[in-house]
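> Here is a sequence together with a model predicted from it:
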Amino acid sequence: MARERAGDGSALRPVRGWQALWRGVFGTEHAGARWDVEVDYLDWDEKVHLYRDGVQERVQRGTSSFTLDDGARLEVAWSLLGLRRVHLVRPDGTAAQLVPAPGTAERWRADLDRDRPTLSRRLAAASWAVLTLALLVQVPQLLELGARVTGWYDFTAPVTLPASLNTPLSVAALLAGLERALRLRYHWLLD
C-alpha cells in the first residue's frame, strides 16, 4: 500500500480546457460525503489526491488505497497511459467505479459511449485490433533488435516493417492505448 500523508486543505478545482490532457478527477457520493480522487498524469511521483467535500484530505503515491470512516476503500491503480482502476470498495466487498468529472478526457469518452454507442464500439474494436497488431508485429522486431545489440541470443522476426509503416503503427498503438486508458480498460498483455 502507498504511504499516506495529510492533504494541504486546498479546494478541488474544476478541470478546464487543456487540463483534460493531464488531469483526471473521479468522484462518488458515499456515507454522506462527496469523495473525489485527483491525479496528474504527467506527475512522475504518481500522486493521488483524495478530496472530501471538495477539500484535499489525504495524498498517497502510486497504487493507492484510501480507507474511509466506515471501512470502505477508494482504490486507485495506475497503468502506463493513465489509470487502470479507480473504484469504491464497500465494506461488504462490492465495488463501483468512480464517475469521471466534467471536463476530463475520461468523461468525454464516457459521454461518447453513452451518446454514440455504435461509434464507441467501433472505436473500441479498432483500438483492440491496433494494439493486437502492434503486439504481434513490433514485439518480435524488438526481440530481434535485442539479439543484434546484445549478441546474447539469436532471433529473427518473422515480419519486419519498414520505418514508413512501423512509425505510424507505433503512433496508432499509442493512441489506441490512450483510448483504452480513457475507458479504464486494462489487459496485462495489450497495455
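Everything's here; your move.

> rest of the way, CA atoms for contacts and neighbours
OK.

> where does this protein dip in pLDDT?
Scanning the chain for pLDDT under 70 picks out 1-2, 186-191.

> how about 80 then?
The chain contains residues with pLDDT under 80 at 1-2, 81, 184-191.

> Now the element after the longest helix belonging to it, going C-ward?
Looking across the chain with DSSP state H, the single longest helix is helix 117-150. Remark: after helix 117-150, the chain's next helix or strand is helix 163-182, criterion DSSP states H and E.

> which residues touch that next one?
79, 81-84, 105-106, 109, 124, 126-128, 130-131, 134, 138, 186, 191 (CA atoms under 8 Å, 6 or more residues apart in numbering).

> Show me what the helix or strand where residue 28 lies is packed against.
Here residue 28, judged by DSSP H and E, is contained in strand 23-30. Using 3 or more CA pairs under 8 Å, 6 or more residues apart in numbering; DSSP states H and E, the elements in contact with strand 23-30 are strand 33-40, strand 99-100.

> Could you list the domains of the protein?
4-101, 116-182 (automatic domain parsing).

> so which of those is the most packed in?
Across the domains of the chain, averaging neighbours per residue (mean count of other CA atoms under 10 Å) puts domain 4-101 on top, at a mean of 17.

> ends of it, how far apart?
24 Å (CA to CA, to the nearest Å).

> Over to stretch 155-173?
For stretch 155-173, the end-to-end distance is 24 Å (CA to CA).

> How far off centre is that stretch?
Between the mean C-alpha location of stretch 155-173 and the chain-wide mean there is a distance of 25 Å, by CA atoms, centre = their mean, to the nearest Å.

> I'd like to know how far residue 176 sits from residue 100.
20 Å.

> List the buried residues in stretch 108-117.
Neighbour-count burial for stretch 108-117 flags 108, 109, 110, 113 (criterion: 16 or more other CA atoms under 10 Å).

> what's near enough to touch residue 9?
55, 56, 57.

> And residue 40, by the same measure?
Here residue 40 is in contact with 22, 23, 24, 46, 47, 48 (CA under 8 Å, 6+ apart).

> and it, what are its bridge partners?
Following DSSP bridges, residue 40 is listed with bridge partners residue 23.

> And it, how close does it get to residue 21?
Counting by CA to CA, the gap from residue 40 to residue 21 is 9 Å.

> Then residue 39?
11 Å.

> so which helix or strand takes in the nearest residue to residue 76 once chain neighbours are set aside?
Nearest residue to residue 76, sequence neighbours excluded (CA to CA, 6 or more residues apart in numbering): residue 86, at 4.5 Å. In this structure, residue 86 sits in strand 82-89 according to DSSP H and E.

> what residues does that strand touch?
So strand 82-89 is contacted by 26, 41, 72-78, 95-98, 178, 181-182, 184-186 (CA under 8 Å, 6+ apart).

> give me that answer again for 7 Å
The contact list for strand 82-89 (CA atoms under 7 Å, 6 or more residues apart in numbering) reads 41, 72-78, 95-98, 181, 184-186.
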